[in-house]
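S.K.: show me the folded form of this:
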Amino acid sequence: MAACPHPYTEVNADGTITTLIYIKGGEMGSPPYEVTEEGYAVEKIEGNYKYLEMDEANGVLVDSGLVCGKDDPNQAVGHSGKKLMKGLKGRAGHSAYTGKAHVTNSIL
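M.R.: Just a heads-up that it's a prediction; the model follows:
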């Protein structure tokens, strides 16, 4: 399934509306993933679209604690204490078992 070229917004559990979200990937067997217009990886976690950040030790994307549409990813820092990175390429598929999103590709 190829990614849809049309952006969309979602309503978070806390009532905030996300920024524009795009589905990327999905070509030639690569899994689709979601990013904001600015290029930040996001995923719906516990009812809110959350920005993802890289867990350097494990090489996976994890919940940053920042909510898309509420927190400013250009200014705020995630749970890691670092600013978020743009351009993380890969599937942000949340695993209920591990609570982590696994990266299947590297940084753009």
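S.K.: and the strands in this protein?
M.R.: Applying DSSP state E to the chain gives strands spanning 21-24, 33-36, 41-45, 48-55, 60-67, 93-94, 101-102.
S.K.: want to throw those strands into CSV with mean neighbour count?
M.R.: Heads up, the C-betas are built off the backbone N, CA and C, glycines and all. As requested, the strands of the chain are exported to CSV (neighbours: other Cβ atoms under 10 Å):
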stretch, mean neighbour count
strand 21-24, 18
strand 33-36, 23
strand 41-45, 22
strand 48-55, 23
strand 60-67, 21
strand 93-94, 17
strand 101-102, 21
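S.K.: just put those strands in a markdown table and tack on mean pLDDT.
M.R.: Output for those, formatted as a markdown table (pLDDT from 0 to 100):
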| stretch | mean pLDDT |
| --- | --- |
| strand 21-24 | 91 |
| strand 33-36 | 90 |
| strand 41-45 | 93 |
| strand 48-55 | 93 |
| strand 60-67 | 93 |
| strand 93-94 | 40 |
| strand 101-102 | 44 |
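S.K.: rebuild these as JSON lines, extending it with distance to Ala13.
M.R.: Formatted as JSON lines, those follow (distance: least, Cβ to Cβ, whole Å):
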{"stretch": "strand 21-24", "distance to Ala13": "16"}
{"stretch": "strand 33-36", "distance to Ala13": "17"}
{"stretch": "strand 41-45", "distance to Ala13": "9"}
{"stretch": "strand 48-55", "distance to Ala13": "5"}
{"stretch": "strand 60-67", "distance to Ala13": "9"}
{"stretch": "strand 93-94", "distance to Ala13": "15"}
{"stretch": "strand 101-102", "distance to Ala13": "18"}
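S.K.: what's the closest of those strands to Gly78?
M.R.: Between Gly78 and the strands of the chain, the tightest spacing by Cβ to Cβ is seen for strand 60-67, at 3.1 Å.
S.K.: other SSEs contacting that closest one?
M.R.: With contacts taken as 3 or more Cβ pairs under 8 Å, 6 or more residues apart in numbering; DSSP states H and E, strand 60-67 sits against strand 41-45, strand 48-55, strand 101-102.
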